[in-house]
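1. Compute the structure for the input listed below.
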Amino acid sequence: MTGTSLDGADAALVRLTGHGRGVSAVCMAHEALPLEAGLRERLRAMADGEPATASAFAEAARGVGRCYVATLEALFASAGLDDAGVRENVALVACHGQTVWHAPPPEVSPESPPESPSSPEERATGASAGAGLSWQLFDPWPVACRFGVPVCYDLRGADLIAGGQGAPLTPASDPALYGRHFTGQRYVVANLGGVCNLTWAPPPPEASKPPEAATPSATSRDREGAGHAEEDSNPGKGHSTSTEPLPGAPLANARGSSQDRAVPGVTGRDVGPCNLLMDGLARALFDRAYDEDGALARSGDCRLDWAHAAEAAIDAACRGHGSLGREQFPPSFARDLAADLLELSDASCVAQASEADRCAVLASVAFAVALRIADRHDAHEAWRGCPVVLAGGGVRNAAVVEALRQTLGGR
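-> Here you go, the predicted model:
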């Protein structure tokens, strides 16, 4: 997949074992390649809402598909799999694509969830659920034709048409990835991506009985073979280029609400911006794509009045939204936030601000991001004091990680 930060494409080779909530996943190999500069800029412009022709969108989608092919070729080579080995051992490839628009239905109170569509017609149109829209640019055919395995994509649509938010996806995979480390214990996973989302997970169950073998088909693979943990542990969420059913993994459908296919006892939600905002500030303040390892932020002084002002601005932008993205945090949000905070110092604008003040903005906003995460984490009283797993690209930002250690009490 490519993420909100648009810095590269990541691919993981994952072995799945077990069934249902008892499924576990082990990462066998991982590869990441940078995005070609031209493609990155085209995708960023589209994600920022700049107008483009239909052909430009189609070319960008094809470019994402080709980018994924290159990343997968590197992944399979690192795992020692030739083309025959891929066809023999890989059950499917799940590709997220690049989000250029995400507009889920308005957030509702957890006490009053939207009613699920009750008829096939309502499920087909999303009419009764007020279904939202989400667009991940991706042409699956370069991947499908290159490797000859089923490709699962459009991973958010089924949940949206059923009235869900279409995000986040990681709560479906977090128990498979981390559950075995927390026997008999609740835990929380903080995915520090472009947007941070939290997963609140109950104690893992005992290993469940695997399903009976399905009738083999032309595309049947070993269900304990390599796959993608996130989507494969929550099947039925996307389309596939294969016309044959995968055993134990129905293709996209709209049979009921997203709750019908949820991982029992696991809840998750987007809580606020992370890399999306920090990268935006690095561009606005230092003309850099990102603050590598959080070095600039760590060199700055966190000013609590700035941090609380930033937290208030983040809270206002999040209000009323169940899932988040560039729509709530466009480049202008980072520029305006930086200017507003610097007005609290002697600088009248970013251009006149000292390097110390600009680094202080990064440090203060990193702390504000952590405050937002800690506040939403503590809203689930039963999970207070539980261990927290940090995941996602934001774990490389030492300033954000250190701020989380403080706000979460060292958990």
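
2. which residues sit in contact with residue 304?
-> By C-beta atoms under 8 Å, 6 or more residues apart in numbering, residue 304 lies in contact with 364, 367. (Each C-beta comes from the backbone N, C-alpha and C, glycine too.)

3. Can you check the pLDDT for it?
-> Looking at residue 304, its pLDDT stands at 96.

4. Same question for the one 10 residues further on.
-> According to the prediction, residue 314 has pLDDT 97.

5. quick one, strands of the chain?
-> Assigned by DSSP state E, the strands in the chain fall at 8-17, 24-34, 93-94, 98-103, 133-137, 151-153, 187-192, 195-201, 226-227, 239-240, 267-273, 388-391.

6. Can you check which of the ones you listed gets nearest to residue 45?
-> With C-beta to C-beta as the measure, strand 98-103 is the member of those nearest residue 45 (9.4 Å).

7. Run through who's touching that closest one.
-> For strand 98-103, the external contacting residues (C-beta under 8 Å, 6+ apart) are 2, 4, 6, 43, 46-47, 57, 60, 64, 132-138, 156, 166-167, 323, 325-327.

8. and residue 300, what does it touch?
-> Shown in contact with residue 300 (C-beta under 8 Å, 6+ apart): 356, 358-364.

9. State the number of residues packed around the residue lying closest to it once chain neighbours are set aside.
-> Once flanking residues are discounted, residue 300 sits nearest to residue 359: 3.0 Å by C-beta to C-beta, 6 or more residues apart in numbering. Residue 359: 22 surrounding residues under other C-beta atoms under 10 Å.

10. Just the C-alphas of stretch 161-172, formatted as PDB.
-> C-alpha atoms of stretch 161-172 as PDB (Å, rounded to 0.1, in the frame of the first residue of the first chain):
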ATOM      1  CA  ILE A 161     -22.300   0.900   1.500                       C
ATOM      2  CA  ALA A 162     -23.500  -0.700   4.700                       C
ATOM      3  CA  GLY A 163     -23.400   2.600   6.600                       C
ATOM      4  CA  GLY A 164     -20.000   2.300   8.100                       C
ATOM      5  CA  GLN A 165     -17.100   4.800   8.000                       C
ATOM      6  CA  GLY A 166     -14.900   2.700   5.800                       C
ATOM      7  CA  ALA A 167     -12.000   3.300   8.200                       C
ATOM      8  CA  PRO A 168      -9.900   2.400  10.000                       C
ATOM      9  CA  LEU A 169      -9.000  -1.000   8.600                       C
ATOM     10  CA  THR A 170      -6.200  -1.900  11.000                       C
ATOM     11  CA  PRO A 171      -8.500  -3.000  13.900                       C
ATOM     12  CA  ALA A 172      -9.400  -6.100  11.800                       C
END
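
11. residues near residue 31, how many?
-> By the criterion of other C-beta under 10 Å, residue 31 has 19 neighbours.

12. please renumber so the chain begins at 59
-> Sure, I'll start counting at 59 from here, so that last one is residue 89.

13. For residue 68, see how far away the spatially closest residue to it that is not a sequence neighbour is.
-> Distances taken as C-beta to C-beta, 6+ apart put residue 133 closest to residue 89, at 4.0 Å, once the chain neighbours are dropped. Noted for residue 133: a distance of 9 Å to residue 68, by C-beta to C-beta, to the nearest Å.

14. Which neighbouring residues are in contact with residue 261, exactly?
-> 240-244.

15. and the residues you listed, which two are the farthest apart?
-> Greatest spacing in the contacts of residue 261, by C-beta to C-beta: 241 and 244 (11.4 Å).

16. the more surrounded of the two?
-> residue 244 (18 against 9).

17. Look up how far residue 440 lies from the more buried one.
-> For residue 244, the distance to residue 440 - C-beta to C-beta - is 7 Å.

18. Residue 236 too?
-> Distance from residue 236 to residue 440, counting by C-beta to C-beta: 18 Å.

19. go on, residue 143?
-> Noted for residue 143: a distance of 45 Å to residue 440, by C-beta to C-beta.

20. Could you check which of the two is surrounded by more residues?
-> Using other C-beta under 10 Å, the more surrounded residue of residue 143 and residue 440 is residue 143, with 12 against 9.

21. pLDDT score assigned to that one?
-> Residue 143 carries a pLDDT value of 97.

22. Name the nearest residue to it, ignoring sequence neighbours.
-> Nearest residue to residue 143 in three dimensions, chain neighbours excluded: residue 134, at 7.5 Å (C-beta to C-beta, 6+ apart).

23. roughly how far apart are that neighbour and residue 71?
-> Distance, residue 134 to residue 71, by C-beta to C-beta: 7 Å.

24. Please tell me I have it right and residue 198 contacts residue 211.
-> Yes. Shown here, residue 198 and residue 211 form a contact pair, counting by C-beta atoms under 8 Å, at 5.1 Å.

25. And the helices in the chain?
-> 95-105, 112-136, 141-147, 178-183, 199-205, 215-219, 232-236, 287-290, 333-344, 353-357, 362-376, 389-400, 413-436, 456-465 (DSSP state H).

26. I'd like to know which of those lies nearest to residue 324.
-> Among the helices of the chain, helix 232-236 sits nearest to residue 324 (C-beta to C-beta), with 6.0 Å.

27. helices and strands around the closest one, which ones?
-> With contacts taken as 3 or more C-beta pairs under 8 Å, 6 or more residues apart in numbering; DSSP states H and E, helix 232-236 sits against strand 82-92, strand 245-250, strand 253-259, strand 446-449.

28. could you dump the ones you listed to TSV with mean pLDDT?
-> Output for those, formatted as TSV (pLDDT from 0 to 100):
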stretch	mean pLDDT
strand 82-92	94
strand 245-250	96
strand 253-259	95
strand 446-449	95
